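1. Just need the structure, nothing else, for what follows:
(4 chains)
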Protein chains: 4
Amino acid sequence: MSDPLAIIGGAGAGLGQTLMRVFSQNGYTSVGLNRSIPDAAAGTTHAVDLSDPAQTAQTVSDLIQTLGAPKLVVHNAAKLVIGGFEDTTNADFEATWRAMVLSAVNLARSVLPAMVEDGGGTFIVSGATASLRGGRNFAAFASAKAGLRALTQSLAREYGPQGIHVVHVVLDGIVDTNVSRALHKMDPARMIKPADIARTYLALADQPRSTWTHELDLRPMGEGF
Amino acid sequence: MSDPLAIIGGAGAGLGQTLMRVFSQNGYTSVGLNRSIPDAAAGTTHAVDLSDPAQTAQTVSDLIQTLGAPKLVVHNAAKLVIGGFEDTTNADFEATWRAMVLSAVNLARSVLPAMVEDGGGTFIVSGATASLRGGRNFAAFASAKAGLRALTQSLAREYGPQGIHVVHVVLDGIVDTNVSRALHKMDPARMIKPADIARTYLALADQPRSTWTHELDLRPMGEGF
Amino acid sequence: MSDPLAIIGGAGAGLGQTLMRVFSQNGYTSVGLNRSIPDAAAGTTHAVDLSDPAQTAQTVSDLIQTLGAPKLVVHNAAKLVIGGFEDTTNADFEATWRAMVLSAVNLARSVLPAMVEDGGGTFIVSGATASLRGGRNFAAFASAKAGLRALTQSLAREYGPQGIHVVHVVLDGIVDTNVSRALHKMDPARMIKPADIARTYLALADQPRSTWTHELDLRPMGEGF
Amino acid sequence: MSDPLAIIGGAGAGLGQTLMRVFSQNGYTSVGLNRSIPDAAAGTTHAVDLSDPAQTAQTVSDLIQTLGAPKLVVHNAAKLVIGGFEDTTNADFEATWRAMVLSAVNLARSVLPAMVEDGGGTFIVSGATASLRGGRNFAAFASAKAGLRALTQSLAREYGPQGIHVVHVVLDGIVDTNVSRALHKMDPARMIKPADIARTYLALADQPRSTWTHELDLRPMGEGF
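-> Down below sits the predicted model:
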C-alpha cells in the first residue's frame, strides 16, 4: 500500500515547505500547491492560484486520480496586510479575502467529497492571532482570518459527522522564516518553529475519533496572551 | 441648530426603515441608503449599492455637504444564504462578503473622517448569531458576518481614541419582518421587534464617553443561547 | 401604586450608593444591602453579610413582605485581591469566592422566587475585565469573577423563560471612586463614572422582552481592549 | 537516570487511573493522589484530600524529596452536581468549588516552585463543556469549572515565562467510564476514551517551547458543538 497523501495548500518557502518536509519524513506523500514554486521545494509543488476555483479543482482532481484521496489537507495560504484603515484599500480587503477565505473554499471543495467517500481524513486550517481579535492596523487581515475561522467551524459541523476531522489552529506568534526574521528582527528563540508546527499537525491528524480537537492555540513560551 | 444626522446603510422594508422612523421620532434627521427604495419609506432613502465604493462615497459626500457630518451611522446591510457547503457557490461566498464586509468598509470610509473632524459620533454594526459561530449550513453567511465583526473590532480600536464609538450588536434571534414571518412561520411573540432594536441603538448612541459598550447581544425572552 | 423596588446587593460608598441614588431619582425605591452602612447613604441601607445565607434570606424576606417583590436587583459585591500566586493565600481564594460567588447565590435565592411569582424583573450582575480573562496577579479575583459569570449564565438560562432578565455587565476599566482615585492616581477622565453605569443599568431594566441583552461591556473611551 | 515523575491529582477509577497507566507505559513514573484508593490501582496511589492544603503539601513534598520534581502534573479532580438552582444547596456550591478550584490551588502550590527550580514541566487541567458555558442545571458545576479555567489562565501567564507549560483541556463530551456508562446509557462509540485523552496529554507534555498550546477541546466525532 502506498503512503497516504498530504496536500498542503499554501506551500511557500516558510511554513508550507517545512510542513511538506516533515510530513514526508513521517510517512506521507506530500504535495504542495502554491502560487509559485519555491526553490529547493521539499517535494512536488504545483503552481496553482488557489483563489481560482477551476485551476484548483483541476489540479487536485488530477492528483486524486493518480494518488487517491488525501488523508491530510492543510490550508496554509495567507496574505498579510498591516496598516491604518484609511491606508488599507478595497483591493487590500479583497485580496486578503481571496487569499484566505476563497482559497480555503476552493481547496475544501476540491478535496472533501473524495475524502468523505474514502472514509475520512483531516483538514487543518492555519489561523493567527487575528483570527480571534480584530486589532488596530489589522482591519483587512483580521476580517479575512475571522471569516476563515467561521468557515472552518461550519465545515467542522457539516463534515465532522461524515468522518472529516476539521481543525483550526491559532498560530499566536511570529513564525520563524527568513521573511519574518528580516521583517521583525526579533530573537529567533521567541518565534514559532515551522517544524514544531508540523509535528502538532501530525499529532492532530493522528487523533482517534473519540478525541478530536477542533481548535487549539500554539505560541512560544513567554509570548504574552 | 438642525437635528443631528443619522445615516442607515441597509434601509430595506424591515429593520432599516424602522430604524429610520424611530430615529426620526427621537430627534434625528434620518437618511437611508439602500439598493432599492422601499415603498412607504420612513424618510429620505437613496438608491445606493453600498458594495460600490464610488457610488457610496459620492452619495454620502453629498449628504455631508448638505446636512453636516452624521452623529449616528448604522450598518445594517445583510444578505442571507443558507445551505450545505456543496450547494453554496463561490458566487454566494462573494455576494455575502460584498453585501456585508465590503459594504461596511465603504460606508465606514465615507463617514469616519468627517465624524472625527466633527468631534465624534456613533457607528453601529448589526450582527447576528452567525457573527460568533459558524454553524452547519451557514458557511457563507457566517464567514461574512464573522469577517464583519473583526472589521468592526479593528475600527473600534483605531477610531475609539478619536472619539468614534463603534459598536457591534449581536441580533440573536429572528427579526420580526414581513419576510421573516412568511419564511419562519414562528410565533411573532418570540421574534425581535425592529422598534425595540431601534431603541437600543438610540441608547447606545447616547452612552457617555465614560461607559461605551463595544458589543452586546439582543435576543427575545425564551430564545435559547 | 408605590414605586417599584430596587435592591442593590453590595452598596458601598462607591458604585453601590450611586446606583441607589440614580435609581431613586428615576422612580425606584432603592434599598441597599451592605456589610457596613456607609456615611451619607443614598437611601435605606441594611447591614447584611451577603455571604451569610440566613442573614440575607431574612433581610430580603422582610423587605419583600413590606415592599413587595423587587423589579430590579443588582449584585455588585466585590472583593479585590491582587498579587502573585505564591503570595495569594487560600484564605484569599475563599474570601473572593464568598464575596462574589456565594453572595450572588444567596442574593439570587432570596429574590428570584418572589420575582417569578410577581411576573418578572431584572437581575444584573456587575462583572469586571477579570470575568473574561485570568490575568497574571489575578488568580483569586479572576477565578471568583469567572465563577460568578458562569453562575449568571446558568441563572439566565433557567430563569429567562420564567420572565427574569438576567444580565452580566463587564466593567472593563477602573470605576471612579474615592478609593480608586487614591489607589490608581489616574486621570479621572479615563475612569468609568458610577452614575453612567447606573444609567446603563436602568436602560437594561427597561429592555422589552423582544430584546434582552445578556452580556455587554462598558469601558471608557480610549481604554485599550 | 530515573523516569520522570508524573503526578495525577484526582486518580479515581475512571480517567485518572487510565492516565496513570498510559503515562507509565510511556516512560513516566506515575503517582496518583485521590480521596480514596481505587481497586486495581495502576501504580502508587496515595489517599489525599486535595482540598486540604496541609495534607496535599505534605504528601507532595515527600514525593518530591524521594522522586524529584515532577515533569508532568495533571489536575483531574472533579465533582459533578446537576440540578435546578433551587435544588442546588449552598453546600453543593461550596463542595464543587473545593473539589475543583481549591484542590487545583493546593496541587499547584505543592508542585510549581519545585518544577520552576527544576527547569520546567507541564501542568494540565482537565476542564469540561461547562468550563466555557454556564448551562441550565449546571449552576454549581459550571461556576466551579469556569473558576478553575480562570485560575489556570492566571497560572499560565505567571508561570509560563518561568518554564512551566500550563494547559487547559476542554473535555467536551462524556468520558467513557463504568460510572458514566451506567449513568448515561449512551452508545460507548460516542464517548471520549480515557486512553485517548491520555495520549493527548502526553503529546502536550512533549510540545517544544516554540509551540505551547494553552487551550484545546477534545470531543468525539459527531458530538455537537
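
2. Is the lengthiest helix in chain A positioned near chain D?
-> Looking across chain A with DSSP state H, the single longest helix is helix A:139-159. Yes: Helix A:139-159 lies within reach of chain D by CB under 8 Å from any CB of the partner chain, at residue A:157. Heads up, the C-betas are built off the backbone N, CA and C, glycines and all.

3. Mind checking if that helix is in reach of chain B?
-> Yes: using CB under 8 Å from any CB, we find that helix A:139-159 touches chain B at A:139, A:142-159.

4. separation between the residue lying farthest from the centre of chain A and residue B:50?
-> Going by CA atoms, centre = their mean, the residue of chain A most distant from its centre is residue A:86, 29.1 Å out. Distance from residue A:86 to residue B:50, counting by CB to CB, to the nearest Å: 18 Å.

5. Tell me where chain A has strands.
-> Assigned strands in chain A, in chain order: A:5-9, A:29-34, A:44-47, A:72-75, A:121-128, A:164-171, A:215-218 (criterion: DSSP state E).

6. got CSV for those, with mean pLDDT too?
-> Shown next, in CSV, are the strands of chain A (pLDDT from 0 to 100):
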stretch, mean pLDDT
strand A:5-9, 98
strand A:29-34, 97
strand A:44-47, 95
strand A:72-75, 98
strand A:121-128, 98
strand A:164-171, 98
strand A:215-218, 98
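
7. Format these as a markdown table; extra columns: distance to residue A:22.
-> Listed next are those as a markdown table, based on distance: least, CB to CB, whole Å:
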| stretch | distance to residue A:22 |
| --- | --- |
| strand A:5-9 | 10 |
| strand A:29-34 | 9 |
| strand A:44-47 | 15 |
| strand A:72-75 | 11 |
| strand A:121-128 | 13 |
| strand A:164-171 | 15 |
| strand A:215-218 | 15 |
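
8. quick one: which of those is nearest residue B:111?
-> Closest to residue B:111 of the strands of chain A is strand A:121-128 (CB to CB; 29.2 Å).

9. related to what we said a few turns ago, could the strands of chain A go into a markdown table alongside mean neighbour count?
-> Formatted as a markdown table, these follow (neighbours: other CB atoms under 10 Å in any protein chain shown):
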| stretch | mean neighbour count |
| --- | --- |
| strand A:5-9 | 28 |
| strand A:29-34 | 25 |
| strand A:44-47 | 16 |
| strand A:72-75 | 28 |
| strand A:121-128 | 25 |
| strand A:164-171 | 24 |
| strand A:215-218 | 23 |
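
10. Looking at those strands, which is nearest to chain D?
-> Closest approach to chain D among the strands of chain A (CB to the nearest CB): strand A:215-218, 3.7 Å.

11. Quick one: name the residues of chain A near chain C.
-> Counting by CB under 8 Å from any CB, no residue of chain A sits close to chain C.

12. which residues touch the closest residue to residue A:167 other than its chain neighbours?
-> Take residue A:167 and drop its neighbours on the chain: the residue closest to it by CB to CB, 6 or more residues apart in numbering or on different chains is residue A:124, 4.7 Å away. For residue A:124, the contacting residues are A:72-75, A:166-169, A:201, A:204-205, by CB atoms under 8 Å, 6 or more residues apart in numbering or on different chains.

13. could you redo the last one with a cut-off of 6 Å?
-> Applying CB atoms under 6 Å, 6 or more residues apart in numbering or on different chains, we find residue A:124 in contact with A:74, A:167, A:201.

14. And the closest residue to the last one other than its chain neighbours, how far from residue A:166?
-> Spatial nearest neighbour of residue A:201, chain neighbours left out: residue A:124 (5.5 Å); criterion: CB to CB, 6+ apart. As for residue A:124, its distance to residue A:166 is 8 Å (criterion: CB to CB).

15. Surely residue A:176 is in contact with residue A:187?
-> No: assessed by CB atoms under 6 Å, residue A:176 is found out of contact with residue A:187, at 10.1 Å.

16. tell me the pLDDT at the closest residue to residue A:53 other than its chain neighbours?
-> Closest residue to residue A:53 apart from its sequence neighbours, by CB to CB, 6+ apart: residue A:106 at 4.8 Å. Per-residue pLDDT puts residue A:106 at 98.

17. number of nearby residues for residue A:106?
-> Using other CB atoms under 10 Å in any protein chain shown as the criterion, residue A:106 is surrounded by 28 other residues.

18. Report the separation between it and residue A:130.
-> Residue A:106 sits 21 Å away from residue A:130, going by CB to CB.

19. can you check residue A:189 too?
-> On the measure of CB to CB, residue A:189 and residue A:130 end up 23 Å apart.

20. try residue A:62
-> Counting by CB to CB - residue A:62 and residue A:130 are separated by 34 Å.

21. So between the two, which is more surrounded?
-> A side-by-side neighbour count of residue A:62 and residue A:130, using other CB under 10 Å, places residue A:130 first with 26 against 11.

22. Could you pull up the contacting residues of the closest residue to that one other than its chain neighbours?
-> Spatial nearest neighbour of residue A:130, excluding adjacent residues (CB to CB, 6+ apart): residue A:142 at 3.9 Å. Applying CB under 6 Å, 6+ apart to residue A:142 gives the contacts A:130, A:134, B:150, B:154.

23. out of those residues, which is most surrounded?
-> residue B:150 (30 neighbours).

24. Buried residues of the helix or strand of chain A with the lowest mean pLDDT, list them for me.
-> One helix or strand of chain A scores below all others by mean pLDDT, DSSP states H and E: helix A:178-184, with a mean of 87. Across helix A:178-184, burial judged by 16 or more other CB atoms under 10 Å in any protein chain shown covers residue A:180.

25. Can it be said to contact chain D?
-> No: on the criterion CB under 6 Å from any CB of the partner chain, helix A:178-184 is out of touch with chain D, staying 13.0 Å away.

26. next one: that helix to chain centre, how far?
-> Put simply, helix A:178-184 sits 20 Å off its chain's centre (CA atoms, centre = their mean, to the nearest Å).

27. Those residues of chain A touching chain B, which are they?
-> So chain A meets chain B at A:53, A:85, A:90, A:93, A:97, A:101, A:105, A:134, A:136, A:138-139, A:142-143, A:146-147, A:150-151, A:153-154, A:157-158 (CB under 6 Å from any CB).

28. Buried ones among these?
-> Here, 16+ other CB under 10 Å leaves A:53, A:85, A:93, A:97, A:101, A:105, A:134, A:136, A:138-139, A:142-143, A:146-147, A:150-151, A:153-154, A:157-158 buried among these.

29. What sits closest to residue A:198 if chain neighbours are left out?
-> Going by CB to CB, 6+ apart, residue A:198 has residue A:22 as its nearest residue, at 3.5 Å.

30. wait, the one you found sits on residue A:197?
-> No: contact criterion CB under 6 Å: residue A:22 and residue A:197 do not qualify, at 8.8 Å.

31. could you measure residue A:85 against chain C, distance?
-> Plainly put, residue A:85 is 17 Å away from chain C if you go by CB to the nearest CB, to the nearest Å.

32. I meant to write residue A:4 there.
-> In terms of CB to the nearest CB, residue A:4 sits 40 Å off from chain C.

33. who in chain A is up against chain D?
-> Within chain A, the residues that sit near chain D (CB under 6 Å from any CB) are A:161, A:192-193, A:196, A:200, A:203, A:208-214, A:216-218, A:220-222.
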